[in-house]
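In: Next one to model:
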Amino acid sequence: MGLTYVTVEVKHLSGRRRSFESQFLVDTGAIDCLAPASALRKVGLRVEGKNVYELANGTTVEYPYGHARIVFMGEETVSRIIFGPEGAEPILGVVALRAPASASTPSPGS
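Out: Residues are numbered from 1 along each chain as shown. Predicted structure coming up:
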């Protein structure tokens with residue numbers, strides 16, 4: 001089974017500043033999105049907190065995060081995004097992946 005990538009545009013919450021566009025790895029094992037910190041700062045995103053994340057190899061790492069508009073496949077959502085290390089492969093996590101789907105999925109009984 002191969003890896004899946006999607007073009008993602010990351011924007012400041014106001015939507016009025018620059019954006020960052022790249023190929024993001026679709027990672028259904030990741031909760032939050034991740035992109036290199038320098039790219040997020042250029043968009044004008046600010047660190048809003050820190051969280052501890054468990055990596056695929058089992059180690060834990062603390063990373064800062066913020067919130068951004070995430071645009072992909074004609075859909076837009078707001079999601080937490082990790083300020084990752086330089087050279088990190090951008091990751092699209094499941095919270096952002098599910099948001100557009102849940103917005104268009106009717107609730108039971110509707």
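In: need the contact list for the most centrally placed residue in the chain.
Out: Centroid-nearest residue in the chain: residue 33, 2.6 Å away (criterion: Cα atoms, centre = their mean). Going by Cβ atoms under 8 Å, 6 or more residues apart in numbering, residue 33 touches 8, 10, 24, 68, 70, 79-82, 90-93, 95-96. Bear in mind the C-beta positions are built from the backbone N, C-alpha and C, glycine included.
In: Which of those residues fall within strands?
Out: Assigned to strands by DSSP state E, the following of the contacts of residue 33 qualify: 8, 10, 24, 68, 70, 79-82, 91-92.
In: Not counting its neighbours along the chain, what's nearest residue 84?
Out: Spatial nearest neighbour of residue 84, chain neighbours left out: residue 34 (4.4 Å); criterion: Cβ to Cβ, 6 or more residues apart in numbering.
In: got a pLDDT number for residue 106?
Out: With respect to pLDDT, residue 106 scores 46.
In: Do you have the helices of the chain handy? List them.
Out: Ranges of helices in the chain, per DSSP state H, are 37-43, 94-104.
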